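Enquirer: mind looking at a prediction? Sequence and model below.
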Amino acid sequence: MATASTQTVDAPTQPGPRRRGLLARINFRQFGILAALVIIIVLFQVLTGGRLLMPGNVNNLIQQNAYVLILAIGMVMVIIAGHIDLSVGSVVAMVGAIAAIAMNQWGLPWYVAVVLSLVVGAVVGAWQGFWVAFVGIPAFIVTLAGMLLFRGLTLVLLTGGTISGLPDGFTAIGAGWLPPFLGYLGNWDALTLVLGAIACVLLIVQQLRTRATLRRLELPRELAWSFWLKNAIAVVAVMAVAFTIAAYNGTPIVLIILAVLVLAYTFVLNRTTFGRHIYAMGGNLFAAVMSGVKTKWVNFFIFVNMGVLAGLAAVVSTARAGGAVASAGQNYELDAIAAVFIGGAAVQGGIGTVVGAVVGGLVMGVLNMGLSILSVDAAWQMAIKGIVLLLAVAFDIFNKRRNGGV
């Protein structure tokens with residue numbers, strides 16, 4: 001009996017090391033892309049002689065890549081569900097043209113033109129979602145047709161020309177900054193520093209709440225040292241960015257838009273029924289149907305959402321450029337798709353995060369800026385980005401095979 005009692009007490013302690021090992025692997029896989037981003041930043045910071053992280057370049061990195069990050073947030077939901085959207089670049093061009101026409105020719109106020117852009121984006125998304133969800137045509141075909149259709153309509157709307165001279169309130173969305181309401185602390189905009197500190201506090205609170213929930217439910221959670229190290233690095237990174245842009249012109253307006261989108265869509269994917277249904281459909285479509293998921297309507301609203309975000313990206317890119325041009329949006333869909341896959345989304349669907357997509361977009365943005373500062377030819381820039389995308393997907397597949405499909 002004594003021997004049996006000893007075995008009963010000792011048995012539960014055996015999975016401990018294995019569980020910790022599994023948690024370590026999951027942690028490294030989840031944050032490997034962050035490590036890659038840091039390595040790329042350090043590499044280009046050295047190669048450019050410290051020019052990469054100059055305040056003006058960091059500000060430009062945010063403003064120039066905002067459209068990719070906005071599109072990537074919507075694209076990650078499309079890809080998680082097992083689809084693809086090739087039309088977003090053409091949608092950006094067409095909606096940007098409509099916005100410019102609305103302001104310059106129809107005389108609409110700029111804020112009405114912004115709302116109109118989002119509505120047009122939603123209509124475009126509903127059009128494509130109808131064919132995918134209710135007719136059953138593969139998204140690849142529907143959005144390929146959309147890419148041609150909306151690019152053609154852009155040329156019709158602009159007649160091959162350019163519409164410029166947009167209102168200052170509109171252009172500020174993509175190329176403006178928040179006013180320095182709180183004054184300056186030395187050479188730094190105080191408002192930017194306050195916003196950075198608030199972001200750090202909210203990040204820590206959210207991470208602690210998530211950890212407390214896992215503890216209460218007796219679910220596996222990250223090791224304490226890894227948890228605090230990860231959050232310390234995140235806080236340092238956020239405040240470093242805050243101090244850098246505070247030394248330039250302060251907080252870009254588009255950065256606030258991006259922050260709101262990241263928070264909102266992270267909540268949607270992780271905490272809502274709609275988000276769980278997206279993951280379920282991408283993980284196992286048959287099981288999702290058998291579980292009662294209304295897959296047609298979920299698919300429909302995924303594309304409506306993608307259309308709305310494409311409309312927002314159109315507003316940001318048109319405002320940044322200061323006008324609408326027929327060639328706008330070229331290769332935007334490829335940048336967004338690359339960002340999502342570099343950020344850890346699975347090719348077959350079912351896996352991906354909003355934060356991962358944003359980090360993937362930043363990887364692409366840092367590569368673009370670093371190579372541009374080094375005066376690398378545009379052709380070689382494209383080649384290098386292609387190699388990075390291929391290696392990112394190959395690394396993900398290798399990781400899954402090594403971990404037995406985990």
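Expert: Thanks, I have it.
Enquirer: from here on, contacts and neighbour counts on C-alpha atoms
Expert: Will do.
Enquirer: so which residue is dead centre in this protein?
Expert: Val358 (3.2 Å; Cα atoms, centre = their mean).
Enquirer: host element of the closest residue to Cys200 other than its chain neighbours?
Expert: Spatially, and ignoring its direct neighbours in sequence, Cys200 is nearest to Val235 (5.6 Å; Cα to Cα, 6 or more residues apart in numbering). If you go by DSSP states H and E, Val235 is part of helix 224-246.
Enquirer: what is that helix packed up against?
Expert: helix 55-64, strand 188-189, helix 190-216 (3 or more Cα pairs under 8 Å, 6 or more residues apart in numbering; DSSP states H and E).
Enquirer: quick one: that helix to helix 55-64, angle?
Expert: 100 degrees (axes from the mean of the first three to the mean of the last three Cα atoms, to 10 degrees).
Enquirer: next, the angle from helix 224-246 to helix 190-216.
Expert: Using the same axes, to 10 degrees: helix 224-246 against helix 190-216 is 160 degrees.
Enquirer: list the buried ones in helix 224-246?
Expert: With burial defined by 16 or more other Cα atoms under 10 Å, the residues of helix 224-246 counted as buried are Ala234, Val235, Val238, Met239, Val241, Ala242, Phe243, Thr244, Ile245, Ala246.
Enquirer: thinking again about what came up before, report the buried residues of whichever strand or helix holds the residue nearest to the centre of the chain.
Expert: Assigned by DSSP H and E, Val358 falls within helix 354-373. Buried residues in helix 354-373, counting neighbours by 16+ other Cα under 10 Å, are found at 354-371.
Enquirer: just to revisit the earlier point, now do the residue nearest to the centre of the chain against Ile62, distance only.
Expert: Relative to Ile62, Val358 is positioned 11 Å away (Cα to Cα, to the nearest Å).
Enquirer: buried residues in stretch 100-115?
Expert: For stretch 100-115, using 16+ other Cα under 10 Å, the buried residues are Ala100, Ile101, Ala102, Met103, Asn104, Leu108, Trp110, Ala113, Val114.
Enquirer: who touches it?
Expert: Ala99, Ile163, Ser164, Gly165, Leu166, Pro167, Gly169, Phe170, Leu312, Val315, Gly323, Ala324 (Cα atoms under 8 Å, 6 or more residues apart in numbering).
Enquirer: same thing but 7 Å
Expert: Ala99, Ile163, Pro167, Gly169, Phe170, Val315, Gly323, Ala324 (Cα atoms under 7 Å, 6 or more residues apart in numbering).
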